[in-house]
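**Q** Kindly return the folded structure for what I paste below:
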Amino acid sequence: MRIVFAGTPKFAVESLSNLHNSNHEILAVYCQPDRPKGRGKVLSACPVKLYAEENNLLVIQPEDFSELQNQERFALLKPDVMVVAAYGQILPKNTLQTPRLGCLNIHASLLPRWRGAAPIERAILAGDKETGISIMQMNEGLDTGNVLLEKKCTISNHETAQTLHDTLSNIGANAILETLNMLPTLKAKSQQNNDATYAEKVTKDEAQIDWHQSAEQISRVIRAFNPRPISYTNAMAKQFKNRVLRIIEAEVVNRQTTNFPGDVIKYDKDVCYVATSSGVINLKKVQLSGKKEVSIKDFNNAYQLIKLN
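**A** Modelled structure (predicted):
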């Protein structure tokens, strides 16, 4: 098939690679324009663009796909199908109707659960035991199109957004190839809109730990916001002067406590037990603002925690 691919982040790269190395033809790769990054605000290319350029694929980066000239340029490519994976722009109706076989979206959830921008993080935060990839026929709604293929995977109690992202990226890359190879015979399944949930974009404020939640809820926050934006709390000891303590990794301890939430109840060698409203959290990897990420053992050797807030 003659394919136009649209994607921006790392999640989309494996799918693009699979398609590029198949017997299908990549006509062009669409991605978001270069954006300023880092302290120096240097214009930087996204992962999809980097892969495309390394493999001599045509890259197109419209600022606004809805502009008529961008739609006309897309139509001139005459694709059989458009494959979309975390592109980051809304496609206009004309574009959705241009490819002979429509536009297919690789979505990181089992639709209609977790439509929207952050399905991976929301699944972990909600304590879901299962998620997956949906290959969806795109329409004008937000992830509301008919589902052509679904692939499931479990979410373990140790899953982070990063590990789940990597798993789903791989599943999606294989699922889109399978879908394209079976496309003439696949029967699309409509979504049950009454069962839909919306995965809003995550914010830094959500990553602040509330020690009045249960240990299980706090564990989900820490795992869901790893690697971005990373959960955090305030270290109340005098030597820290209320500096932010980022929590990279932690685990739930099978132990109850009557201590006030946020109290450090055990601080010895390679453990740091913190009381919650129900249960205990053991910090394993942390990062004090302005310092490097370290194991809790190394952190304990340098500091003495009193209370977290």
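**Q** for the longest helix along the chain, packing partners?
**A** Using DSSP state H, we find that the single longest helix of the chain is helix 161-182. Using 3 or more Cβ pairs under 8 Å, 6 or more residues apart in numbering; DSSP states H and E as the contact test, the elements touching helix 161-182 are helix 10-20, strand 81-85, strand 103-107, helix 119-125, strand 130-137, strand 147-154. In this view, the C-beta of every residue, glycine as well, is placed from N, C-alpha and C.
**Q** And those: which comes nearest Ala161?
**A** Ranking the helices and strands packed on helix 161-182 by proximity to Ala161 (Cβ to Cβ) places helix 119-125 first, at 5.3 Å.
**Q** How many neighbouring residues does Leu149 have?
**A** 20 (other Cβ atoms under 10 Å).
**Q** Tell me how far it lies from Ser134.
**A** Separation of Leu149 from Ser134 (Cβ to Cβ, to the nearest Å): 8 Å.
**Q** And for Ser169?
**A** Counting by Cβ to Cβ - Ser169 and Ser134 are separated by 14 Å.
**Q** Neighbour count for those two, which is higher?
**A** Taking neighbours as other Cβ under 10 Å, Ser169 and Ser134 compare with Ser134 leading, 29 against 22.
**Q** contacting residues around the more buried one?
**A** Counting by Cβ atoms under 8 Å, 6 or more residues apart in numbering, Ser134 touches 107, 109-111, 147, 149-150.
**Q** so who does the residue nearest to Val81 when sequence neighbours are not counted touch?
**A** Excluding the flanking residues, the one nearest Val81 by Cβ to Cβ, 6 or more residues apart in numbering is Leu101, at 4.3 Å. Contact analysis of Leu101 by Cβ under 8 Å, 6+ apart lists 1, 80-81, 183.
**Q** Throw the helices and strands packed on helix 161-182 into a markdown table and include mean pLDDT and distance to Asn94, thanks.
**A** Below are the helices and strands packed on helix 161-182 laid out as a markdown table (pLDDT from 0 to 100; distance: least, Cβ to Cβ, whole Å):
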| stretch | mean pLDDT | distance to Asn94 |
| --- | --- | --- |
| helix 10-20 | 98 | 23 |
| strand 81-85 | 98 | 12 |
| strand 103-107 | 98 | 11 |
| helix 119-125 | 98 | 27 |
| strand 130-137 | 98 | 16 |
| strand 147-154 | 98 | 22 |
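**Q** could you dump those to TSV with distance to Arg220?
**A** Formatted as TSV, those follow (distance: least, Cβ to Cβ, whole Å):
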stretch	distance to Arg220
helix 10-20	21
strand 81-85	26
strand 103-107	21
helix 119-125	5
strand 130-137	14
strand 147-154	15
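**Q** what's the closest of these to Glu216?
**A** Here helix 119-125 is closest among the helices and strands packed on helix 161-182 (Cβ to Cβ), at 11.4 Å.
**Q** Give me the neighbour count for Ala123.
**A** 28.
**Q** Val147 now?
**A** With other Cβ under 10 Å as criterion, Val147 counts 20.
**Q** Nearest to Val221, out of the helices and strands packed on helix 161-182?
**A** Using Cβ to Cβ, the nearest of the helices and strands packed on helix 161-182 to Val221 is helix 119-125, at 6.8 Å.
**Q** by contact count, what packs against the closest one?
**A** So helix 119-125, by 3+ Cβ pairs under 8 Å, 6+ apart, packs with strand 130-137, helix 161-182, strand 198-199, helix 215-224.
**Q** Which of the ones you listed sits closest to Pro119?
**A** strand 198-199 (4.4 Å).
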